[in-house]
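K.L.:
show me the folded form of this:
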Amino acid sequence: MNLTCRILIVLFLIFSVGRSYGQDSTQRYALPEFRFSAKPELMFDAVNTQQLDSSILNRYSTDNIAVVLSENSAATIRSYGVAGISSVSLRGGNANHTAVIWNGFNLQDPLNGGFNFAQSSSNLIDNISIQYGGGSTVYGSGAVGGVILLDNQAAFNRPFTATALARTGSFGMQGYQLQFGHGTKKISTRLRLFHHQINNDFEFENVASIGHPTQKYLNAYMKQQGLLYEFYYRPASNQVLGSQLWLQSNFREIPGNMTIAYQEDLEEHQHDDWLRWGLNWKKTGAKVNYEARTGIFYNRSTYVNSLIDLTSHNNSFKNTTEVMGTVRLLKKNQASLGIINQYTVGLSDNFNNNPTLNSSAIYLAPSFKFGKKVTLNTSIREEWYNGSLTPLTYALNGKYLFYKNWYLCTGFSKNYKTPNFNDLYWNGAFASGNKNLESEHGYSGDVGLGIKQHRNKLSLQHEVTFFQSSIQNQIQWIAAGSNWSPRNVKQVDTKGVELKSATTWSITSKTALTFRLNYAYTDARVTEKSPEESNDVLDKQLTYIPYYQGNTYLGLEIGNILIDMNVQYVGYQFTRSDNLEWLDAYTLTGAGLQYTFKKHDFKTSLFGKMNNIFNTVYEVRQWYPMPRMNYEIGIKLTFK
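P.N.:
Take a look at the predicted model:
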């Protein structure tokens, strides 16, 4: 499709929807539940969306989001050990193929396209949702394999609340959390602070050394501290203005792997600081809902390596502004129209002249309901990126309630990912970017069967989904002599199955049993490669993408006592592109106990956790050891 045709199609769709805007009424409609990231409901009808509810987040309030996702979803966590980066792969995609959306804003690092989930504390988030499958039409570049949505929620009409938490555990772990909140009819405000540190000085078996000696892991200290301040103002029952400010400082030492001898005088660490500020406005009407947001995001990263006398600064600044309107048509149907602009500056020692990128996109998402059983969602997007148009993207998904609480769902989408700053502008001693790179693009589709039912004391939801995707033009860094440079050379085809199951049985008013199961089979193979690579990599599984993985959770709540257990299984993972080396499969088991008692306006919770209780020896990345059995205990005080 040529440029003229694409522009005419988009303009026609905009004009068609724009004519309906005049039907709005001055009648006010109250917001039933206040959230600023409502796109899954508006544009996907929550098809292939997994919600991690408050019970899960409360259980994992002392953990980072990487732990939450690894034990409660079908996502693959790719980690460089206890002190390394932890990223998420959905449906076999790369780390930069998973968009991370916080209150409507994309948090992917503009420089490398990634996001470190190990640096984000779950106690700063109120809702986590996983949108499986491509979402480029709604969330733009990077939403190829799926989307992780992190939301905060206002709490109007709630009295003053204060919470304090302290915990300690193995390997010098210490953590503290404070939270203060208050809500009136028109104003809601909350402040959350946290501090976490751990030495990670555990003993491990060095399988890379002769005789497999037992050694202590060194130079793996981590410290994180930050705050989140939220302010919401409701001038009328049908609109809310909200502001969220997230400040955080992260320090981590970078340990060597098992093959590198420890050097006592070596100093290698990284300091990451960020400022994330978002301003959101939302209004509901009789015919039209409006949303607008703008945000500022500043990342500062400093890497130090005393062995090579290197101090490297890699910073970025990004501004995102978006407006969206949703028109209700013929009672059951609706159409959302949005415009978004992102302006980014790369501030790195490895860039020349602080390069900038500007992108603007427009998207349209009509949604239709046919009776009470059929929902059809469509969307289309065009983006102007760095002076040129990206490929036109589109998506279609639907849901059919065919028998009582049983449903079928299906989806198809065209997706893309634009090059990041490092791909385009990196200029180092042995590597250089490529300004002629094109966007990655591809397709994804899925079909699923599920049931969602609430009957008497039993609540359940089970869903199985079959998916397939293909990504062409993938960017890969390739060595040309002594210099590395990125090129569009790779294609990956993926297929697989996801199973998500959750059941809660309310035995009595004070006793409940909860069981959850997540499973994924992922076959992700390289079907096109660079000329410099061996043919042995063709039709081989991607590295660090297990064929099989799953997790289960079993919790029993009896009055003020909660007893639970979780089991996580990760199948073997290849560590070489030709699949000649791999990491063994492993199973991790954890258990927890919590006792809560109340007196007047105070509630006290005592909790404890045991992780890896069977002392499993395993690696998540080749030659990077992981701790054996370890514990955590703590106390949480709440005043209302």
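K.L.:
would you map the strands across the stretch 51-200 of the chain?
P.N.:
Ranges of strands in the stretch 51-200 of the chain, per DSSP state E, counting those that start in this stretch, are 76-79, 86-89, 98-102, 105-106, 127-132, 146-151, 158-169, 173-183, 187-198.
K.L.:
for the second one, give me every contacting residue.
P.N.:
Contact partners of strand 86-89, identified using CB atoms under 8 Å, 6 or more residues apart in numbering, comprise 64, 66, 69, 75-80, 95, 97-98, 114-118, 145, 148, 545. Using the backbone N, CA and C atoms, a C-beta is placed for each residue, glycine as well.
K.L.:
could you do the third one as well?
P.N.:
Contact partners of strand 98-102, identified using CB under 8 Å, 6+ apart, comprise 37, 75, 87-90, 106-108, 115, 135, 139-140, 142-151, 246, 276, 278.
K.L.:
if we can go back for a sec, highest mean neighbour count out of the strands of the stretch 51-200 of the chain?
P.N.:
Highest mean neighbour count among the strands of the stretch 51-200 of the chain (mean count of other CB atoms under 10 Å): strand 98-102, with a mean of 26.
K.L.:
now stretch 477-486, how far from the centre of its chain.
P.N.:
Stretch 477-486 has its average C-alpha position 30 Å from the chain's average C-alpha position, going by CA atoms, centre = their mean, to the nearest Å.
K.L.:
what residues of it count as buried?
P.N.:
478, 486 (16 or more other CB atoms under 10 Å).
K.L.:
can you give me the end-to-end span of that stretch?
P.N.:
4 Å (CA to CA, to the nearest Å).
K.L.:
what's opposite Thr410 in the beta bridge?
P.N.:
Gly398, Val447 (DSSP bridges).
K.L.:
distance check, it against Thr418.
P.N.:
28 Å (CB to CB, to the nearest Å).
K.L.:
Gly84 now?
P.N.:
Counting by CB to CB, the separation of Gly84 from Thr418 is 26 Å.
K.L.:
what do you get for Thr259?
P.N.:
36 Å.
K.L.:
looking at those two, which is more packed in?
P.N.:
More crowded of Thr259 and Thr418, by other CB atoms under 10 Å: Thr418, with 22 against 10.
K.L.:
surely the more buried one meets Ser388?
P.N.:
No - between Thr418 and Ser388 there is no contact under CB atoms under 8 Å: 10.3 Å.
K.L.:
any idea which residue of this protein is furthest from its center?
P.N.:
Distance from the C-alpha centroid of the chain peaks at Gly211, with 40.6 Å (CA atoms, centre = their mean).
K.L.:
now stretch 565-572 - C-alpha only, CSV.
P.N.:
Presented in CSV, the C-alpha positions along stretch 565-572 are these (Å, rounded to 0.1, in the frame of the first residue of the first chain):
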residue,chain,number,x,y,z
MET,A,565,3.0,-22.7,48.7
ASN,A,566,4.2,-22.0,45.2
VAL,A,567,6.0,-24.2,42.8
GLN,A,568,7.9,-22.9,39.7
TYR,A,569,9.2,-25.2,36.9
VAL,A,570,11.5,-24.0,34.1
GLY,A,571,12.5,-26.4,31.4
TYR,A,572,15.9,-26.7,29.8
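K.L.:
report the distance from that stretch to the chain centre.
P.N.:
The answer for stretch 565-572 is 20 Å, by CA atoms, centre = their mean.
K.L.:
what of stretch 103-112?
P.N.:
10 Å.
K.L.:
which residues are in contact with it?
P.N.:
Here stretch 103-112 has contacts from 36-37, 39, 96, 99-101, 114-115, 139-140, 142, 150-152, 242, 244, 276, 278, 280, 291, 293, 295, 297, 299, 314, 316, 318, 320, 322, 342, 344, 346, 348, 357, 420-422, using CB under 8 Å, 6+ apart.
K.L.:
how many neighbours does Asp578 have?
P.N.:
Asp578 - counted by other CB under 10 Å - has 14 other residues nearby.
K.L.:
would you say it is within a helix?
P.N.:
No - under DSSP: H, G, I helix; E, B strand; the rest coil, Asp578 sits outside any helix and is assigned coil.
K.L.:
same question for stretch 601-614: list its buried residues.
P.N.:
Buried residues in stretch 601-614 (16+ other CB under 10 Å): 603, 605, 607, 609-613.
K.L.:
next one: stretch 276-286
P.N.:
Buried residues in stretch 276-286 (16+ other CB under 10 Å): 276-285.
K.L.:
out of these, list just those in strands.
P.N.:
Members of the buried residues of stretch 276-286 lying in strands (criterion: DSSP state E): 276-283.
K.L.:
in the stretch 451-600 of the chain, mark out all the strands, start to finish.
P.N.:
Ranges of strands within the stretch 451-600 of the chain are 458-480, 483-506, 511-528, 548-558, 561-570, 573-574, 582-583, 586-599, based on DSSP E, counting those that start in this stretch.
K.L.:
what about the fifth one, distance to the chain center?
P.N.:
To tie it back to what came earlier, the one meant is strand 561-570. 22 Å.
K.L.:
each with direction, which strands does it pair with?
P.N.:
Partners of strand 561-570 in its sheet, by DSSP bridges: strand 548-558 (antiparallel), strand 586-599 (antiparallel).
K.L.:
so which other helices or strands are in contact with the next helix or strand along the chain from the longest one?
P.N.:
The C-terminal neighbour of strand 586-599 among helices and strands, as given by DSSP states H and E, is strand 602-611. With contacts taken as 3 or more CB pairs under 8 Å, 6 or more residues apart in numbering; DSSP states H and E, strand 602-611 sits against strand 586-599, strand 630-639.
K.L.:
distance of the residue farthest from the centre of the chain relative to Ser530?
P.N.:
40 Å.
K.L.:
and if you look at Val144?
P.N.:
Val144 is 20 Å from Ser530, by CB to CB.
K.L.:
which one of the two is surrounded by more residues?
P.N.:
Val144 (30 against 14).
K.L.:
state the pLDDT value of the more buried one.
P.N.:
pLDDT for Val144: 94.
K.L.:
mind listing what the spatially most central residue of the chain touches?
P.N.:
For the chain, Ile148 is the residue whose C-alpha lies nearest the centre (CA atoms, centre = their mean; 3.3 Å). Contacts here follow CB under 8 Å, 6+ apart; on that basis Ile148 touches 65, 69, 75, 88, 98-101, 128-131.
K.L.:
any chance of these in TSV, with distance to Ala512 too?
P.N.:
Formatted as TSV, the contacts of Ile148 follow (distance: CB to CB, whole Å):
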residue	distance to Ala512
Ile65	25
Leu69	24
Ala75	26
Val88	30
Thr98	33
Ala99	34
Val100	32
Ile101	31
Ile128	21
Ser129	23
Ile130	24
Gln131	28
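K.L.:
can you add pLDDT and distance to Ile380 and give these back as TSV?
P.N.:
Shown next, in TSV, are the contacts of Ile148 (pLDDT from 0 to 100; distance: CB to CB, whole Å):
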residue	pLDDT	distance to Ile380
Ile65	97	31
Leu69	97	30
Ala75	96	27
Val88	96	27
Thr98	96	22
Ala99	96	18
Val100	97	23
Ile101	96	19
Ile128	96	28
Ser129	94	23
Ile130	95	24
Gln131	93	18
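K.L.:
in the one helix or strand Thr311 maps to, what counts as buried?
P.N.:
For Thr311, the host element (DSSP H and E) is strand 310-329. By 16+ other CB under 10 Å, the buried positions in strand 310-329 come out as 314-318, 320, 322, 324-328.
K.L.:
and stretch 50-58, by the same measure?
P.N.:
Buried-residue list, stretch 50-58, by 16+ other CB under 10 Å: 50, 52, 56-57.
K.L.:
and that stretch, average pLDDT?
P.N.:
Mean pLDDT, stretch 50-58: 89.
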